[in-house]
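[1] Build me a structure from this.
(one chain, ligands or ions: 1)
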Amino acid sequence: MNHTKSEQIHEEALQHIVGGVNSPSRSYKAVGGGSPVVMARGKGAYFWDVDGNRYIDYLAAYGPIITGFGHPHIAKAITLAAETGVLFGTPTEHEVKFAKMLKEAIPSLDKVRFTNSGTEAVMTTVRVARAYTGRTKIIKFAGCYHGHFDQVLVAAGSGPATLGSPDSAGVPVAVATEVITVPFNDKEQFQLAMDKWGDEVAAILIEPIVGNFGIVEPNKGFLEYVHTVAKEKGALTIHDEVITAFRFHYGAAQDLLGLTPDLTAMGKIIGGGLPIGAYGGRKEIMETVAPLGPAYQAGTMAGNPASMLAGIACLEVLKQPGVYEEMDRLGAMLEKGILQSAEKHGVTITINRLKGALTVYFTNEKVENYEQAENSDGEMFGRFFKLMLSKGVNLAPSKYEAWFLTTEHTEQDILETIEAVDYAFSQLK
Ligand code: PLP
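    Got it, this is the predicted structure:
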C-alpha cells in the first residue's frame, strides 16, 4: 500500500501543527511510531486516504460515527443548518426538541444543558456536584478517561487512601490532591477510599461501561455498591456516558445496568459527528446552574443549530428497529472470527465485547481493570495495527481503544476484516 502523499502531508503538518496532529491519540506514537494515514473522504463504513487507499473503519472517530460517514439523513440535517443559519446566539426550537429526545431516552435526565465537547460536559458536572454538595473531592477510577480538564488529568496515589498527583504538566498539585483514584471493579479499595475521604467527596465519577482501557463491563454488583455507598456518604454519582450514551442501545448504559446517577455527561454519538457535549440530571441539582443558580457554565457555540440538527438526525437513525441488534450480530461474528484465527495461529488474545464494540487484548488474562489492560502486549498490538492497516482495515492506534461497529458495516465487511486478521496473526508469530 502506497502512503507517499500521506507522508508528505504529515511532514508538512509537523511544521505547522504541534506533533502534526490535533489530538495526541491520532499520532502513531503508541504503535511504534510512523506517519499517520491522512484521510480524504469517507462513505458508510469506509474511508479513503489521500493516496486513494480504501479502509474498512473501526475507529468511528473514537466513537461518534455510529451511522458511518456521510449518512444521507445526517447530511440533509447539516445542509439545512448550513442554509438556514449555523449560529444565532439565541434559543432555537431545535435545542428544545433535542433535549426532549434525550430526556425520553434517558429517564434520569430531568433537565439538560448542551456544551461543545465531552470534556466540557464532564467538567461542568464536577463543578455542579461541588456547588450542590459544598464539598470538593472527587473519586474516579484508574484508566478511565474523562476529558482533558485539570481535575481528571490526575494520576493515582500509592493506594486508595492516598490523594492524587498531576498526570500532565501544568496541572497544579492543589487540584490533583482533590482527586482520589481507585481501581475499577474493586469494591474493597473503593470502600477504603470512602472510609477515609467519604465526608469530603462531592462526587464519584464513573464510566459505567468503560471504553477507555478497552471495553470493560462492571462486575455484577460493583456499580450498585458504588452508588449505595455514595448515597450513604452524601456524595453524588456522575455517569460519564460520553462513549456509552446510544452506543449499546437507544439510551445510556445506566438504563442497561438499572442505575440512576445524579448527573450524566454525554458527547460523541449525540452530535451525529459534529462537536457536542451535554449534561443533565436531577432537577434540584441542575437548578444550581446559572441562570437559575450559582454554578456558572456557558458557551458561545453551545446548542448551535448544526450540532442540534445533526444530533437529532443521528438519534432518528438509531431509533429505527433492529439497528442495535444488527451491530450486536455483526460484533459477535467478528469476535468469533478473531478468536478462531488466534487459535489457528497460536496467538494469545482476550476479547471483551459488548454488542457492536469490542477490544482485542494481547494477553491471556481476563481484563476487568486498568492494570490487566496494561498487561496487554503493546509491541504486539503495534505490529498487529500496522498489518491490519496494510490490509485496508483501520483500527485505533492504541492497545487501549475499542473497535466500533456502525450501522453501515455489512457481513461482507466483517468477512473481509476476519481475513485481514487471519493474515495479521499469521505474520505475528
Ligand atoms: N469522557 C469519556 C468517557 C471520553 O471517552 C472522552 C473522550 O474520549 C471524553 C469524556 C472527552 O470528550 P471530548 O473528547 O469530546 O472532549
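[2] who are the neighbours in contact with the residue of the stretch 1-150 of the chain found nearest the ligand?
    Nearest to the ligand in the stretch 1-150 of the chain, going by CB to the nearest ligand atom, is residue 118, at a distance of 2.3 Å. Quick note: C-beta positions are derived from backbone N, CA and C, even for glycine. Remark: with contacts taken as CB atoms under 8 Å, 6 or more residues apart in numbering, residue 118 is in contact with 147, 240, 242, 265, 266, 267, 268, 277.
[3] can you tell me the helix or strand for the first one?
    Put plainly, it is residue 147. Residue 147 is located outside every helix and strand, with elements delineated by DSSP states H and E.
[4] State the number of residues packed around it.
    By the criterion of other CB atoms under 10 Å, residue 147 has 20 neighbours.
[5] So which of the contacts of residue 118 reach the ligand?
    With CB under 6 Å from any ligand atom as the criterion, the members of the contacts of residue 118 in contact with the ligand are 147, 240, 242, 267.
[6] May I see the residues you listed arranged in a markdown table, with pLDDT, distance to residue 406 and secondary structure as well?
    Putting those into a markdown table (pLDDT from 0 to 100; distance: CB to CB, whole Å; DSSP: H, G, I helix; E, B strand; the rest coil) gives the following:
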| residue | pLDDT | distance to residue 406 | secondary structure |
| --- | --- | --- | --- |
| 147 | 97 | 23 | coil |
| 240 | 98 | 22 | strand |
| 242 | 98 | 18 | coil |
| 267 | 98 | 17 | strand |
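[7] I'd assumed residue 359 was in a strand, is it?
    Yes - going by DSSP: H, G, I helix; E, B strand; the rest coil, the assignment for residue 359 places it inside a strand.
[8] Nearest spatial neighbour of it, chain-adjacent residues omitted?
    Distances taken as CB to CB, 6 or more residues apart in numbering put residue 214 closest to residue 359, at 3.1 Å, once the chain neighbours are dropped.
[9] Let me see the contact set for the one you found.
    Taking CB under 8 Å, 6+ apart as the criterion, residue 214 is in contact with 352, 359, 361, 367, 373, 376, 399, 400, 401, 402.
[10] swap in residue 317?
    When the contact criterion is CB under 8 Å, 6+ apart, the partners of residue 317 are 67, 71, 73, 74, 323, 407.
[11] again, 6 Å this time
    67, 73 (CB atoms under 6 Å, 6 or more residues apart in numbering).
[12] And for residue 170?
    With contacts defined as CB under 6 Å, 6+ apart, residue 170 is in contact with no residue.
[13] same deal with residue 253?
    208, 209, 241, 244.
[14] And the residue nearest the centre of this structure?
    The structure's the chain has its C-alpha centroid closest to residue 243; by CA atoms, centre = their mean the separation is 3.2 Å.
[15] Spatially, what comes nearest to whichever residue of the stretch 251-400 of the chain sits closest to the ligand if we skip its sequence neighbours?
    Using CB to the nearest ligand atom, residue 267 is the residue of the stretch 251-400 of the chain that sits closest to the ligand, at 4.4 Å. Using CB to CB, 6+ apart and skipping residues adjacent in sequence, the residue nearest residue 267 is residue 118, 3.0 Å away.
[16] helix, strand or coil for whatever residue of the stretch 301-429 of the chain ends up closest to the ligand?
    The minimum distance from the stretch 301-429 of the chain to the ligand, using CB to the nearest ligand atom, falls at residue 401 (9.4 Å). Put simply, residue 401 is coil when judged by three-state DSSP.
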